[in-house]
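> generate coordinates for the sequence data below:
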Amino acid sequence: MTHPSGQRRLGRLLALVLRHRPDEIGLVLDDRGFAPLDALARALATQPGRESVTVDEITQTARADPRRYEVRDGMIRARYGHTIPVEHPGEPAFPPEWLYHGTAPAAVHDLLVAGLQPTSRQYVHLSTTPAAAREVGRRHAPDAVVAVILARRAHDAEVLFRCVAPDLYLTRSVPARFLLPPA
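Okay, here's the model as predicted:
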């Protein structure tokens, strides 16, 4: 069994490779962002300090964080956060009535004018609860606020949502008319 600190380090490395830089270790992802577990283990084993990494360690690390990683049929992917092209990160889904987006207070005006855009990522990340959205927003600002997305109305207007975890949806963008300002 991997030590928790070793598992955290491996988890950060998996995020880097599967979200941003698979090519740096010679890994190829399919259009859904999946890579074969055995190919990932071989590629990681070329990295200093990772020469003995196993498929089991990778699987254990990924399964410890099922919101972030998906493992199935001998394949693995990061569920969200990609800066590299991933065309189908999750299944198209009918969203709940509301979804939530945590952000810095300074960004609220721009969101209400231009809508939600993915900035450096491929998709906008939306949470199913205000608390989860605020937690995500605090990564960018300690005083994060939460905007409400009228998700069903946006869906009815043909905004495509993808469910990548029970509490996480992705979309390419959300027009401003479907956003409510933070209270």
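> list the buried ones in the helix or strand bottoming out on mean pLDDT in the chain?
When each helix and strand of the chain is scored by mean pLDDT, DSSP states H and E, helix 4-15 comes last, with a mean of 80. Buried residues in helix 4-15, counting neighbours by 16 or more other CB atoms under 10 Å, are found at 7, 10, 11, 13, 14. (Glycine included, C-beta is placed from N, CA and C.)
> dump these into a markdown table; add distance to residue 86 as well.
Compiled in a markdown table, the buried residues of helix 4-15 are given as follows (distance: CB to CB, whole Å):
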| residue | distance to residue 86 |
| --- | --- |
| 7 | 24 |
| 10 | 21 |
| 11 | 19 |
| 13 | 18 |
| 14 | 15 |
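> which one among those gets closest to residue 39?
The closest of these to residue 39 turns out to be residue 14 (CB to CB; 13.3 Å).
> any chance you could map the helices in the protein?
Ranges of helices within the chain are 4-15, 37-44, 55-63, 108-114, 130-137, 151-156, based on DSSP state H.
> can you tell me how far the most centrally placed residue in the chain is from residue 124?
In the chain, the residue lying closest to the centroid (CA atoms, centre = their mean) is residue 80, at 2.0 Å. To residue 124, residue 80 is 10 Å away according to CB to CB, to the nearest Å.
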